[in-house]
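Peer 1: sharing a model prediction with you, sequence too.
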Amino acid sequence: MAARKRNPLIGGIFAMLMIGFGGYRFYLHYTGQTIMESWQMILSGAVVLYGLFVAYSVITQENDVENE
């Protein structure tokens, strides 16, 4: 079974959006602009972590170029 490949451009954009969204939610909470419940903080952390995972998988993805 072959491993799934990510499009580096789409994966990079998706990772930046996820990290940016979660980071913005943390910024709003810690600067006191909004009060977030615990489950919202956990969800924001999960979004950031998933964005980091996507970024890591895009960066470490190997190219399968066959030499002909």
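Peer 2: Nice, I can see it. Numbers count the residues shown, from 1 in each chain.

Peer 1: how about low-confidence regions in this protein?
Peer 2: Low-confidence segments of the chain (pLDDT under 70): 1-4, 6, 63-68.

Peer 1: and the residue positioned nearest the centre of the chain, which helix or strand is it part of?
Peer 2: Nearest residue to the geometric centre of the chain (C-alpha atoms, centre = their mean): Gly51, 0.8 Å. In this assignment (DSSP states H and E), Gly51 forms part of helix 38-59.

Peer 1: list the buried ones in that helix?
Peer 2: 44, 47-48, 51, 54-55, 58 (16 or more other C-beta atoms under 10 Å). No exception for glycine: its C-beta is placed from N, CA and C like everyone else's.

Peer 1: for stretch 31-38, same thing?
Peer 2: Per 16+ other C-beta under 10 Å, stretch 31-38 contains no buried residues.

Peer 1: who touches the helix holding Gly51?
Peer 2: Contact with helix 38-59 is made by 6, 8, 11-12, 14-23, 25-26, 29, 36, as judged by C-beta atoms under 8 Å, 6 or more residues apart in numbering.

Peer 1: could you tell me which of the residues you listed count as buried?
Peer 2: Using 16+ other C-beta under 10 Å, the buried members of those are 11, 14-15, 18-19, 22, 25-26.

Peer 1: could I get the residues you listed as JSON lines with distance to Glu62?
Peer 2: Compiled in JSON lines, the buried ones among the contacts of helix 38-59 are given as follows (distance: C-beta to C-beta, whole Å):
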{"residue": "Gly11", "distance to Glu62": "14"}
{"residue": "Phe14", "distance to Glu62": "19"}
{"residue": "Ala15", "distance to Glu62": "18"}
{"residue": "Met18", "distance to Glu62": "23"}
{"residue": "Ile19", "distance to Glu62": "23"}
{"residue": "Gly22", "distance to Glu62": "28"}
{"residue": "Arg25", "distance to Glu62": "33"}
{"residue": "Phe26", "distance to Glu62": "33"}
